[in-house]
Structures are given as structure tokens and as C-alpha cells.
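Chemist: coords please:
(chains A, B, C, D, E and F)
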Protein chains: 4
Amino acid sequence: MPKTDLLPVLLPDAPSPLYAQLTGHLRSRILDGTWAPHSQMPSESELGAMFGVSRIMVRQALGYLQKAGLIFRIHGKGTFVSRPTAFQNVASLAGVGEAISRVVLNRVGAGPA
Amino acid sequence: MPKTDLLPVLLPDAPSPLYAQLTGHLRSRILDGTWAPHSQMPSESELGAMFGVSRIMVRQALGYLQKAGLIFRIHGKGTFVSRPTAFQNVASLAGVGEAISRVVLNRVGAGPA
Amino acid sequence: MPKTDLLPVLLPDAPSPLYAQLTGHLRSRILDGTWAPHSQMPSESELGAMFGVSRIMVRQALGYLQKAGLIFRIHGKGTFVSRPTAFQNVASLAGVGEAISRVVLNRVGAGPA
Amino acid sequence: MPKTDLLPVLLPDAPSPLYAQLTGHLRSRILDGTWAPHSQMPSESELGAMFGVSRIMVRQALGYLQKAGLIFRIHGKGTFVSRPTAFQNVASLAGVGEAISRVVLNRVGAGPA
DNA sequence: GTGGTCTAGACCACG
DNA sequence: GTGGTCTAGACCACT
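Modeler: Predicted structure coming up:
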């Protein structure tokens, strides 16, 4: 009787880590245009204050978004949205976009070994 | 609390589980003011060392105390005594107290810029 | 067996972050057989003590090694070397090796949640 | 009252650079014992706020004091006064003192379980 | 004044 | 008693 019928709904019982939630929130704001492409996002500290989490969690979430090609970061300058919405599904291209943007805005940075 | 070797048959023969004893000890220290309301308790590891039990036992005991509204825990921060003795029976309100305390504690340490 | 002398001298003028140095040290010990394939490595805390760094730096270094397929980690059990030296250059296969090792050592993460 | 655009070419018009003044202030506080030997000084941000200067100026001044052997800095921990007045002229030894202090400080908080 | 590295130590989830 | 998540706050490198 109790047997759930093939859940179409995603079971929300799993709490999911904070940084995962935060990643989702940030991604939404990028996709919905709150932060426009190539515009500077709020600083890591500000994002931490906005969402009530520590800076380390912000950095972890931003790291995911960077890996996904949605944003790129420039040391000493800030964090930026990388590409327009139309390109967001093409993750592999976004990576290229990031590299180009980095060069354009400043210069290449050294990745970790 | 002395050990009674003669147990009435109605009770389980085990001399009360370890975590129950520990829960009693911790509750006593909270009620007698050893750990003041809203003050931070020793860490789970320290409590384990203090009472000579494993951390899993400590967590089980703390879980009881939390459910009873005597304490609340903040991830990454610590375990805290929730309210003065007078409020200890109102478990449901204590939950609210926890939520408020959490916000208060968060905000104290997190000034925006 | 010493390191491959294939690569010309890497310019060592950059101080290189601590976690990068640590990653190198750990990789060396894996490659030289200090920690044998499929054997359990020291815990994160022990590695921190061994190298005089914080656990977070250890985790960062282990994260790199995991991404490179040299190790895999099992929650609640430990960190393990993933594959023999002969396979270390084939990073893509190492991922498969990890999956197999998980099954061999214990079992699959059974419940699909 | 007039803006002197007639500058004597030999001397700079600025009455000693900002960081030199700051360096003097900080040195005074160290020598008069405001910050005791081996005690932790205020953070770079706090010092900037205390003296109304930017953090970059603070870092420049601290760099001088470090080179002079009056202080040493530990990444992720803080800035510390290095030695009593009697030793302040022996800059080279202060470097050794720093190294030792680092180990000592590290070991205090990092028991091998 | 940003992002980058690092420390110390808490609670959480799993075995 | 492991690895996983999270906090708070320090100094560092760059602009």
C-alpha cells in the first residue's frame, strides 16, 4: 500500500551539502541574468554575507562554477560571469571562453601544478 | 549513582545503557550550572576523553539532550547550552530558541565588511 | 625506481604553494612504492602530522591525487592507493580501477538512495 | 599658504614617507612593551584601522620590521613580536628565533593524536 | 581590496 | 576513528 509510485518528484529528503545548495543558488542568478555576462560578480566576502555562509564555502561553490565554465576569476581583480546564457550548455566551449577572456582582460594565470 | 545488583524483573537486566548514564551525567552538569546557558560546552572529543567513552556514545547522549531542548549544536562552531533551568521542560520552545540563538551567534561574528 | 628523467628541468624558482609541494611528496611515495597499490595510506591527520601541515592542505593534495586517479577514498574507512605503477600514466583507466577496487574491498554503495 | 611649486631639488618634499612613519610607530610600541615578546600583534587589517592607513602600507612597514628582526610572521596564524629589546640588534639571530618559534608554535597545537 | 593560501578546530556521516 | 562539511580568521600575492 505505501509503495510510492515511481517518484516523478525528486525526493528532497537528502539535505545536500551547503556548498552544493550555494552552487545552485549562484548558478541560478547567473542563468537568470542577475549577474550579466562578463560583468563582475560580488566579492567572495560579499557573497558569504549575502548567503550567510563562510568565505570558504563560497570559494568551494565558485570553484565548481569555474570548473563548469560559468565564471572565471582574476587574482586581485574579482570574479566574472564568463559567457551569455545561449552558450551555457556547451561546457567545453565555455572553458575556451574563459581562457580567452582571461587573456583579454589581463593575462594568463598559472593553474595549479 | 550506585549500581544496584538486585534489579526488579520489570526492568531490563542491563544496568542502564552507557549512553543513558552519560546523558545523566551531562544533564547534571548543565542543570547545576557547570556549563552556563548559551555557553559553549567542551567538544565531542573532549567530552569523550572526560568521561572515558567513545565519541559515538557522546554523540548519542548529546542527541538526546538536543531532542530534549537542553542543548543545541552549530555545525563548525560547537555545542551550546540552550536555556536556563526554568525552560527545560518546554522542549518545543527550546527549538525556537536554538534557531534564534543560531542567528544571533552568526551575526555577532559576521559583520558585513 | 627514480622519477622519469623525461622532462627537462622544471624551473624551481617559483615557491609553489604548500599543497602543490605536498602533492608532489605524496605522489613520490606512491610511485616509489612506499604505499603499495590497494594498501591503505595513513589517515589525513597522520599525513598532516608527518608533513607538518594542516589537515585541510592534506585534503587539498589528496584531492589532486584522487582526481589524477592515483588514490581513492572511502568514507569512514580510509584512503587507498589505486593502481600499480605500471598503470599510473593511464589516468582514465585509474577511474575504472577505483570503482572495481571499491567493490572488491567492500561492496557497492548499495542503496540508490 | 601658497602651494609651493618651488621645490628644492635635493630633498623630497614629502615629510618622510607614510610607511616610514608607520614603521616608527609600530617599532615604538614593540620597544615600549605594548606588544610583548612572542605575543601576537593585531592583524594587518586591525593595524590598518588603528593607524588609518591601507593594508598595503601596513604590510610594507611590517616587512621592514621583519627584516630588522623585530617581528616574524606565520602564514595563517598571525604576526608576532620576536625577541626582547636586548636582542633587537642581532637581526641574523632573530631569523633563527623565528624558525624555532614556528616549530614550537606548531607543535603545541598539533599533537600526533 | 580582490582572490589565493593556510591554520586550527568544531560537528557530521559512515563503518 | 575515518573521511566529509563547515566556521572563523590569519597572512600572501596581485592590481
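Chemist: so A:Gln21 is in which element?
Modeler: Secondary structure assigned from DSSP states H and E places A:Gln21 in helix A:18-31.
Chemist: How about A:Thr79?
Modeler: Here A:Thr79 is assigned to strand A:78-81, by DSSP H and E.
Chemist: So which bits of chain A are right by DNA strand E?
Modeler: Contact residues (CB under 7 Å from any atom of the strand) of chain A with DNA strand E: A:15, A:41, A:43-46, A:56, A:59, A:62, A:73-79, A:112. Backbone N, C-alpha and C define where each C-beta goes, glycine included.
Chemist: Now the buried members of those residues.
Modeler: Buried members of the residues of chain A next to DNA strand E, scored by 16 or more other CB atoms under 10 Å in any protein chain shown, are A:41, A:44, A:59, A:62, A:73, A:79.
Chemist: and the two most separated of these?
Modeler: A:Met41 and A:Arg59 (12.7 Å; CB to CB).
Chemist: Narrow the residues of chain A next to DNA strand E to those in strands?
Modeler: A:73-74, A:78-79 (DSSP state E).
Chemist: of all the residues you listed, which comes closest to chain B?
Modeler: A:Gly78 (15.2 Å; CB to the nearest CB).
Chemist: List the beta-bridge partners for that closest one.
Modeler: Note on A:Gly78: beta-bridge partners by DSSP bridges are A:Ile74.
Chemist: Now do the contacts for the residue nearest to A:Leu22 when sequence neighbours are not counted.
Modeler: Nearest non-adjacent residue to A:Leu22, counting by CB to CB, 6 or more residues apart in numbering or on different chains: A:Ala61, 4.2 Å away. Residues near A:Ala61 by CB atoms under 8 Å, 6 or more residues apart in numbering or on different chains: A:19, A:22-23, A:26.
Chemist: most surrounded residue in those?
Modeler: For these, the largest number of neighbours (other CB atoms under 10 Å in any protein chain shown) sits with A:Leu26, at 24 neighbours.
Chemist: Let me know whether it touches A:Met50 as I believe.
Modeler: No: applying CB atoms under 8 Å, one finds A:Leu26 not in contact with A:Met50, separated by 9.9 Å.
Chemist: Tell me where the model's unsure across chain A.
Modeler: A:1-15, A:84-113 (pLDDT under 70).
Chemist: Pick out the residue of it closest to chain B.
Modeler: For chain A, CB to the nearest CB, closest residue to chain B: A:Ala49, 4.5 Å.
Chemist: so which strand or helix has that residue?
Modeler: With DSSP H and E as the test, A:Ala49 turns up in helix A:44-51.
Chemist: Tell me the helices and strands packed up against that helix.
Modeler: Under the contact criterion of 3 or more CB pairs under 8 Å, 6 or more residues apart in numbering or on different chains; DSSP states H and E, helix A:44-51 touches helix A:18-31, helix A:55-67.
Chemist: which other residues reach that helix?
Modeler: A:22, A:25-26, A:41-42, A:54-55, A:57-59, A:62, A:79, B:110, B:112-113.
Chemist: Now with 10 Å, please.
Modeler: A:18, A:21-22, A:25-26, A:29, A:41-43, A:53-59, A:61-62, A:73, A:78-79, B:110-113 (CB atoms under 10 Å, 6 or more residues apart in numbering or on different chains).
Chemist: close to DNA strand F, is the strand holding A:Thr79?
Modeler: No: counting by CB under 7 Å from any atom of the strand, DNA strand F is not contacted by strand A:78-81; separation bottoms out at 9.4 Å.
Chemist: Kind regards, and thank you for your time.
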